[in-house]
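K.L.:
next input, structure requested:
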Amino acid sequence: MNRIKKLLCLGLCVYLFNSIHTGIAENIPNPKIIIPTVTLLVKKYGDLEKSLQEAILQADVKKINTYLSTDFEERKGVDPNSPIPRETWIQTIKNGSKINRIMQQIAVRDLGNILIVSYLSVMPNKNDENIFIVDAWKIEGEKSELMVRYSSIVPHRHPNQSHIKV
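P.N.:
Modelled structure (predicted):
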């Protein structure tokens, strides 16, 4: 008889715990949380892109040159048939305004000895234009060199406005 009482008591406790736990869980809102996953390549090349950006902000030509291949060029979306050669690109950096942009939505595609790094370069002031950048990095051993940069201005749109037109 004593054993039956213990089993009934244990069963009742399990039932009550389950009922209380389920009731509490139903009352808690389930917010949708997006947790970005950072791969090793995103971390490594995100840091490399940030180091290049810091060198650009400081107009440190010696440091910038360590990141660029000898035949580096930039192609802009507004005029893709007119590549900007390395020396002109560096001169533009030396003469241009230095604005610290925020890198968002970094993605890396591994193609063997070439890595494609893409990201959104966001201006701190929301009225300024953002730029979508795609960099092609050549890997030789432990060294990575930026071969070509593709950049295009991203048009402003309302956050709820779809970029896909059907």
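K.L.:
from now on I want contacts and neighbour counts done on CA atoms only, so please keep to that.
P.N.:
Fine.
K.L.:
let me see the mean pLDDT of the one helix or strand D71 maps to.
P.N.:
Secondary structure assigned from DSSP states H and E places D71 in strand 68-76. Mean pLDDT, computed over strand 68-76, is 93.
K.L.:
mind giving me the packing neighbours of it?
P.N.:
Counting contacts by 3 or more C-alpha pairs under 8 Å, 6 or more residues apart in numbering; DSSP states H and E, strand 68-76 is packed against strand 84-85, helix 86-95, strand 143-154.
K.L.:
nearest residue to N100 in space, please, no chain neighbours.
P.N.:
Counting by C-alpha to C-alpha, 6 or more residues apart in numbering, N100 lies nearest to L57, which is 6.9 Å off, once chain neighbours are set aside.
K.L.:
er, V117 actually
P.N.:
In space, and not counting its chain neighbours, V117 is closest to V108: 4.5 Å by C-alpha to C-alpha, 6+ apart.
K.L.:
ok, that neighbour touching L40?
P.N.:
No. Assessed by C-alpha atoms under 8 Å, V108 is found out of contact with L40, at 9.7 Å.
K.L.:
between the two, which one's more packed in?
P.N.:
V108 (21 against 10; other C-alpha atoms under 10 Å).
K.L.:
what strand or helix carries the more buried one?
P.N.:
strand 102-110.
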